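Visitor: Got a predicted model here, sequence first, then my questions.
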Amino acid sequence: MFSFRFISVFSLLISPLLVIGCGETYRTDLSRGDHLSSSRNKRDIHTTPARKFCSPGSSVPPTRTNTTTRLKNLREEISKLGLFAYIIPSGDAHQSEYVAEEDKRRAWISGFTGSSGFAVVTSTTAAVWVDGRYYIQGENQLDCNWIMMRSDEPDTPDWVDWLQGEASGQQVKLGADPSLTGAATWLNWEKKLLTRNIMLEPIINNLVDMIWGKDDKKKSSAIDVCREEYAGQSWKEKVRDLRRDLNEKGATAMVVTALDEIAWLFNIRGQDIPYSPVVKAYAFITQSSIYLYISGEVSQALMAHLNSGGCEGSKECVTIKEYKEVFTDLAGDPGQSVEKKILLGKPWAYTGGASFAIYNAVKEDKRLLELSPIMIRKGQKNDMEIQGMENANIKDAVALIAFAAELENGMAAGEEWDELKASRRLLEYRNKQKLFKGPSFQTIAAYGAHGAIIHYKPSTETNAKIGTDSLFLLDSGGQYLDGTTDVTRTFHFGNPTPFEKEAYTRVMMGAIDLAKGIFRAGTTDTRMDILARSPLYSVGLNYRHGTGHGIGAYGLVHESPIQVRIYKEEEHELKVGMFFSDEPGVYIEDLFGVRLETVLRVVEKNLTYAGRGFGPFYGFKAVCLVPFEPKLIDYSLLSREQVDWINSYNKEIVDKVGPLLLQEGYTAAYSWLMDRSVHIPWEQGRARMVRMTNGSGAKTSISVVGIAVVLLNFLCL
């Protein structure tokens with residue numbers, strides 16, 4: 001085990017692998033190549049950015065993969081087909097943001113494991129476009145065969161401009177797998193590429209798969225039935241709603257390709273993608289028939305759940321078929337017999353839409369590219385799902401608070417902790433909670449400089465000892481039968497510097513300002529982002545990721561449609577019953593990272609003049625109930641409204657989580673919670689709180705003046 005002091009010297013050399021989690025990109029979805037539509041000014045497309053650790057004599061980071069042989073083999077396949085270049089996006093055949101191991105083609109060919117990225121390989125060059133979350137990680141994982149394009153920088157060319165420059169104006173052919181790109185995206189590419197004299201050709205046999213040598217045997221996973229007590233609605237009711245929605249859009253059928261939509265629609269869950277409880281499947285739903293195409297195990301329980309015992313003449317019976325039969329059915333009788341249009345989902349938020357391969361299987365005069373009505377309905381949770389999400393977050397708070405107390409008390413007692421140990425121990429606490437099914441993404445446990453790597457994952461090569469001279473960022477979440485959680489808190493086990501305190505406080509101020517925001521019905525997600533960034537903007541700070549993402553109910557941790565991104569052109573209406581993350585941050589390379597993430601629910605507000613005809617008005621309710629760290633708060637920066645919000649939030653945590661901590665025997669955790677939930681008094685126009693800390697331990701005391709003020713306030717109630 002290396003000490004963190006040693007690791008910090010080489011922090012740029014040991015960047016970690018990607019994990020699923022918070023802080024999604026704030027500009028574009030690079031996994032789909034969406035950045036080509038940017039209107040920003042571009043630099044000379046023949047200029048390539050300099051790479052770190054690629055000059056003669058440079059040390060090679062141990063986290064880099066040598067891709068020389070892989071690129072050589074890929075270029076041989078490219079040459080055989082007479083192609084000039086080949087595209088490798090990040091998604092799978094369902095345009096998923098997070099994919100199974102066998103679908104990580106872009107990661108395998110490049111060595112860069114971030115969830116979002118877009119690779120183009122020509123006969124002589126190779127480039128990957130990455131967003132601001134992955135600048136540090138990309139430099140440490142991409143070897144010198146690759147150009148790393150920093151897509152959030154204004155002078156970075158998009159991939160179409162760059163490819164045109166590589167082709168030097170000649171007419172060339174570009175290949176891509178049509179199953180890995182959404183139909184709407186593909187059609188947009190075709191138009192843009194034609195203006196550059198580049199022909200886009202669908203290549204059915206994926207070229208990366210041909211050279212990978214991976215095991216292509218389908219791994220069958222169990223498919224679980226999601227009980228109605230958690231789903232809140234039967235799958236039959238959902239299908240009836242869908243059929244009505246389709247009629248309103250002028251369609252009589254739909255091909256469902258998004259995995260979370262299939263899981264939600266049929267009330268089933270699976271394990272085909274790590275941390276995401278989904279099943280690899282397609283669905284084809286008409287006004288009279290329902291087909292489900294799966295590769296997983298078909299149990300008697302599943303058949304009974306879907307009424308699959310005999311579907312002749314039944315509109316509410318699911319015919320289960322082999323996964324790949326969807327293409328022959330769409331081109332054959334089931335698809336041809338549809339009277340009107342067949343709706344095919346188009347890209348929206350995290351949803352990539354139906355693939356170009358699916359699009360091509362549908363007869364041309366029957367195609368209708370439109371937003372998925374399932375996505376919209378799924379985003380607004382029903383009453384049962386709302387209750388489940390709140391229950392899941394309370395259980396999750398118990399686990400996280402119990403862990404945090406053990407960690408802080410252990411640090412104070414001189415115990416040795418490191419990032420991997422913290423990750424393992426937190427999982428043990430979550431495993432003790434009822435209905436827990438597993439993490440919702442791989443835990444980001446990042447000490448010191450590692451915290452500046454937005455999607456850091458500790459590994460045996462990068463694992464750092466947790467010390468007392470920097471910040472510890474912990475971003476984690478859980479999948480429960482009744483909901484999905486995602487929470488980030490940042491800690492310090494020593495004496496924070498004034499800059500660390502100000503950075504933390506301004507991040508917290510932004511999180512609070514968003515959480516207490518009030519807005520008219522019809523307001524979109526992008527409009528709210530400025531509330532979280534303003535306290536940072538005011539002193540010249542910012543963060544290179546979105547402020548929030550939608551969250552599923554025992555579903556995806558990044559759920560469409562909500563994306564709180566100030567620079568996103570695509571906007572999504574905030575509706576009552578939606579859940580999303582509120583997660584501003586600050587990342588100072590080579591020093592530390594701060595992120596504070598709290599799940600919020602959109603609620604209707606009963607305001608003083610709500611009946612005057614200007615509403616309705618909406619706001620947010622915090623459902624993640626974990627306190628902030630008083631040691632890191634500069635109270636002099638807070639407004640009266642922010643202090644009032646913290647006091648109200650802390651009271652709710654104590655009322656809802658405190659009794660459960662005692663009930664489960666976590667007395668030390670209860671003390672830890674109470675120490676962080678002391679009422680903050682407001683004196684002479686500013687917040688006052690003096691917290692005396694014994695080292696980095698959880699045992700604290702409030703000053704005599706503070707206690708007197710608290711007692712006085714209590715007696716005056």
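Guide: Looks like it came in fine.

Visitor: any low-confidence regions in the stretch 301-450 of the chain?
Guide: The stretch 301-450 of the chain contains residues with pLDDT under 70 at 312-313.

Visitor: Spatially central residue in this protein, please.
Guide: The residue lying closest to the centre of the chain (Cα atoms, centre = their mean) is residue 558, at 3.9 Å.

Visitor: and residue 254, what helix or strand is that in?
Guide: Residue 254 belongs to strand 251-256 when elements are defined using DSSP states H and E.

Visitor: if you average pLDDT over that strand, what comes out?
Guide: The predicted model gives strand 251-256 an average pLDDT of 97.

Visitor: That strand: partners in the sheet, and parallel or antiparallel?
Guide: Here strand 251-256 is paired, per DSSP bridges, with strand 281-286 (antiparallel), strand 341-345 (parallel).

Visitor: Now mean neighbour count and distance to residue 149 too, for those strands, in TSV please.
Guide: Bear in mind the C-beta positions are built from the backbone N, C-alpha and C, glycine included. Shown next, in TSV, are the strands paired with strand 251-256 (neighbours: other Cβ atoms under 10 Å; distance: least, Cβ to Cβ, whole Å):
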stretch	mean neighbour count	distance to residue 149
strand 281-286	24	33
strand 341-345	26	28
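
Visitor: Including distance to residue 109, could the ones you listed go into a markdown table?
Guide: Rendered in a markdown table, the data for the strands paired with strand 251-256 read as follows (distance: least, Cβ to Cβ, whole Å):
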| stretch | distance to residue 109 |
| --- | --- |
| strand 281-286 | 26 |
| strand 341-345 | 27 |
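
Visitor: among these, which is nearest residue 316?
Guide: strand 281-286 (11.2 Å; Cβ to Cβ).

Visitor: Run the chain-centre distance for the closest one.
Guide: Put simply, strand 281-286 sits 26 Å off its chain's centre (Cα atoms, centre = their mean, to the nearest Å).

Visitor: repeat for stretch 157-168
Guide: Its chain's C-alpha centre and that of stretch 157-168 lie 30 Å apart, by Cα atoms, centre = their mean.

Visitor: follow-up on the earlier one: can you list the neighbours in contact with the strand holding residue 254?
Guide: 242, 246, 262, 265, 282-287, 326, 330, 338-345, 354, 358, 362, 368, 370, 372-374 (Cβ atoms under 8 Å, 6 or more residues apart in numbering).

Visitor: could you list every residue that touches the spatially closest residue to residue 177 that is not a sequence neighbour?
Guide: Once flanking residues are discounted, residue 177 sits nearest to residue 206: 4.7 Å by Cβ to Cβ, 6 or more residues apart in numbering. Residue 206 is in contact with 105, 177, 179-180, counting by Cβ under 8 Å, 6+ apart.

Visitor: ranking those residues by neighbours, who comes first?
Guide: Among the contacts of residue 206, residue 180 has the most neighbours (other Cβ atoms under 10 Å), with 28 neighbours.

Visitor: For the residue nearest to that one when sequence neighbours are not counted, report the pLDDT, please.
Guide: Leaving out its chain neighbours, the residue that sits closest to residue 180 by Cβ to Cβ, 6+ apart is residue 89, at 5.3 Å. Reported pLDDT at residue 89 in the predicted model: 97.

Visitor: thinking residue 89 is in contact with residue 118, fair?
Guide: Yes. Contact criterion Cβ atoms under 8 Å: residue 89 and residue 118 qualify, at 5.8 Å.

Visitor: May I see the buried residues of the longest helix belonging to the chain?
Guide: Scanning the chain for the helix with the most residues, using DSSP state H, yields helix 383-412. With burial defined by 16 or more other Cβ atoms under 10 Å, the residues of helix 383-412 counted as buried are 384-386, 388-412.

Visitor: Nearest to residue 591 among the strands paired with strand 251-256 would be which one?
Guide: strand 341-345 (42.9 Å).

Visitor: what does that closest one rub up against?
Guide: By Cβ under 8 Å, 6+ apart, strand 341-345 touches 183, 246, 249-258, 261, 330, 335, 351, 353-354, 358-359, 362, 366-373, 375.

Visitor: Can you tell me which helices and strands the helix or strand that that strand is followed by packs against?
Guide: Next helix or strand after strand 341-345 toward the C-terminus (DSSP H and E): helix 356-361. Helix 356-361 sits against helix 183-194, strand 198-202, helix 325-331, with contacts defined as 3 or more Cβ pairs under 8 Å, 6 or more residues apart in numbering; DSSP states H and E.

Visitor: distance of the nearest residue to residue 324 once chain neighbours are set aside from residue 351?
Guide: Using Cβ to Cβ, 6+ apart and skipping residues adjacent in sequence, the residue nearest residue 324 is residue 293, 7.5 Å away. In this view, residue 293 and residue 351 are 19 Å apart by Cβ to Cβ, to the nearest Å.

Visitor: now do residue 412
Guide: Shown here: residue 412 relative to residue 351, a distance of 46 Å by Cβ to Cβ.

Visitor: do residue 584 as well
Guide: With distances taken as Cβ to Cβ, residue 584 is found 25 Å from residue 351.

Visitor: between those two, which one's more packed in?
Guide: residue 584 (33 against 27).

Visitor: you'd agree that one is up against residue 531?
Guide: No. With contacts counted by Cβ under 8 Å, residue 584 stays clear of residue 531, the gap being 9.4 Å.

Visitor: so what's in contact with these two at the same time?
Guide: Common neighbours of residue 584 and residue 531, using Cβ under 8 Å, 6+ apart, are 510, 514.

Visitor: ok, back up a step: quick one: the residue nearest to residue 177 and residue 74, what's the gap?
Guide: 11 Å.

Visitor: Poorly predicted segments of the stretch 1-150 of the chain, please.
Guide: Judged by pLDDT under 70, the stretch 1-150 of the chain has its weakly predicted residues at 1-49.
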